[in-house]
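Participant: Any chance you could fold what I've pasted below:
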Amino acid sequence: FSTYPYKLAAFTLSGGIAALAGFLFAVKDGFVNPELLSWHFSGAVLVMIIFGGLGHLRGALIGAFAFTLLQEFFKSEAVFGAFACGSMTRTKDSGWLLGKIVAGTETYIQNAGFIWAAILVPLVVAAWFGMNNLLPLSPNYGGTLAAFGKILYLWGLTSIVGVVGLYLYLPAPTGLGLLNMWVALPLIVVVTVLLMKLAAFGEMKAGIAKQFAIFSNKHTWSMTALYIVTFGSFIGFSMALPLSITVIFGFQHVLDPSTGAWTHTLKNPNAPSALTYAWIGPFVGALIRPLGGWVSDKVGGSIVTQVISAVMVFASAAVGYVMLLAYQSQTPEQYFFIFMALFVVLFAASGIGNGSTFRTIGVIFDRQQAGPVLGWTSAIGAYGSFIAPVVIGQQIKAGSPEYAMYGFAVFYAICLVINWWFYLRKGAEIRNP
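Facilitator: Just a heads-up that it's a prediction; the model follows:
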């Protein structure tokens, strides 16, 4: 039987937990920027999945918690002696799952890497001598060095495209600032895909050619839009929620009567902590995701997607209105409960929808195309982690954070129509159910 759906499920869950770690990092440092989205974070997700175990869904959760807890625990202890090379002193308060870390605490930041070296080295040795069960699946891999060479070859090509794209996008002095986000991201995707097709050789060429057949199928594009609604929203809001809590509720917003302009510089003494609340939404979304798949098996994935899309239209517009009220109040904390409640609804809906769209892809596409479509839609949906915080951050800077959420609501409404047109209306080419 195909193990791909299980691998993808583990990846999705671990990705959600990795997103949680990412926005906690952003809250701790007080800013987010594209340079933080390096390969190290993808590597961390992979380590979480492997550490927890590839054979079951709960392994992703176990791996993520173990990964985070071990890192934070050993960063507070000088357990590696001379290899630790001394400590650093925290200059501001921080925290982790088990409590607050006050400013002035000695921290051994390098231990976060050393602990994984201590764990992974013996595991690599064991894998080298014990994982011979993979050979029947890839008998013509060409040897270890050849396999690594192919991986590094494709990875290197795509990395070059990403670096060039970011350089054209990022403002000076980091980059040239020639492209805006809505041009840079599609350009990076298109160039990367075409380069992989042109650069493939040998057996890779035939395999990639088969996978490229999905782009001539119109349902690939409709499901890509729907996957952005679900998985893209989940991972994007995971990054954007702590930013919104910090900026909108962390300051008092005062109207200057002489100019009629709002100022947002006075610290709010009653501000809620993003570190305390921001994990709730992603946790709910990740926890409830299997429910979406289960219900979809009973009533049909497109029906579930239609319902959650309608919920997300309402919740997104409502969050925008609450943002408007809070961003024009000297006591924004009075709106925090309803803000968080609505965001949890968004996370729950996106989590359920992630499960339903995953199941829908298995119904719409045959076995040969389902895997590549899942890979493609997941990759595009992952851009939500970049787009959502950037859009919300830009609108906050412009003094109108509600417009970002209203824009998301419009997109969800469009995708609601797409889902109905392709999969639910009478006479649809593929009805699900």
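Participant: ok, the closest residue in space to residue 246 that isn't next to it in sequence - how many residues close by?
Facilitator: The shortest distance from residue 246 to any non-neighbouring residue, by C-beta to C-beta, 6 or more residues apart in numbering, is to residue 274 (4.9 Å). From N, CA and C alone the C-beta is placed, and that goes for glycine too. When neighbours are defined as other C-beta atoms under 10 Å, residue 274 has 22 of them.
Participant: Surely residue 274 touches residue 248?
Facilitator: No - if you go by C-beta atoms under 8 Å, residue 274 and residue 248 don't touch, sitting 10.3 Å apart.
Participant: returning to what we had before: relative to residue 14, how far out is the residue nearest to residue 246?
Facilitator: Using C-beta to C-beta, to the nearest Å, one gets 22 Å for the distance from residue 274 to residue 14.
Participant: what does residue 203 give?
Facilitator: With C-beta to C-beta as the criterion, residue 203 and residue 14 are 29 Å apart.
Participant: okay but residue 384 is in contact with residue 240, surely?
Facilitator: No - using C-beta under 8 Å, residue 384 is not in contact with residue 240, being 9.2 Å away.
Participant: Show me which of these two is the more surrounded one.
Facilitator: Counted by other C-beta under 10 Å, residue 384 and residue 240 do not tie: residue 240 has more neighbours, with 29 against 25.
Participant: give me the element the more buried one is part of.
Facilitator: helix 233-249 (DSSP states H and E).
Participant: Quick one: mean pLDDT over that helix.
Facilitator: Across helix 233-249, the average pLDDT comes to 87.
Participant: Around residue 200, count how many other residues there are.
Facilitator: Neighbours of residue 200 (other C-beta under 10 Å): 18.
Participant: Give me the phi and psi angles of it.
Facilitator: Main-chain dihedrals, residue 200, degrees, to the nearest 10: phi -70, psi 150.
Participant: where does it sit relative to residue 188, distance-wise?
Facilitator: Separation of residue 200 from residue 188 (C-beta to C-beta): 19 Å.
Participant: Contacts only, for residue 304.
Facilitator: Residue 304 is in contact with 292, 295, 296, 352, 353, 355, 356, counting by C-beta atoms under 8 Å, 6 or more residues apart in numbering.
Participant: ok, so of those residues, who is nearest residue 147?
Facilitator: For the contacts of residue 304, the minimum distance to residue 147 (C-beta to C-beta) is 33.4 Å, reached by residue 355.
Participant: so who does the most centrally placed residue in the chain touch?
Facilitator: By C-alpha atoms, centre = their mean, the chain has its centre lying nearest to residue 235, at 3.4 Å. Contacts for residue 235 were tallied using C-beta under 8 Å, 6+ apart; they are 15, 16, 19, 381, 382, 384, 385.
Participant: same question, residue 161
Facilitator: Neighbouring residues of residue 161 by C-beta under 8 Å, 6+ apart: 188, 191, 192, 195.
Participant: Does residue 331 touch residue 251 like I think?
Facilitator: No - the criterion here is C-beta under 8 Å, and residue 331 misses it with residue 251 at 11.3 Å.
Participant: in which helix or strand would I find residue 272?
Facilitator: Residue 272 belongs to no helix or strand, assigned by DSSP H and E.
Participant: Need the per-residue pLDDT for it.
Facilitator: 86.
Participant: That one and residue 333 touch, don't they?
Facilitator: Yes - with contact defined as C-beta under 8 Å, residue 272 reaches residue 333; the gap is 6.3 Å.
Participant: what residues are shared contacts of those two?
Facilitator: Residues touching both residue 272 and residue 333 (C-beta under 8 Å, 6+ apart) are residue 249.
Participant: ranges for the helices of the stretch 251-400 of the chain?
Facilitator: Counting by DSSP state H, counting those that start in this stretch, the stretch 251-400 of the chain has helices at residues 274-277, 280-299, 301-326, 336-364, 367-381, 384-397.
Participant: about what we covered before: comparing residue 203 and residue 14, which residue is more hemmed in?
Facilitator: Taking other C-beta under 10 Å, residue 203 and residue 14 do not tie; residue 14 has more neighbours (27 against 12).
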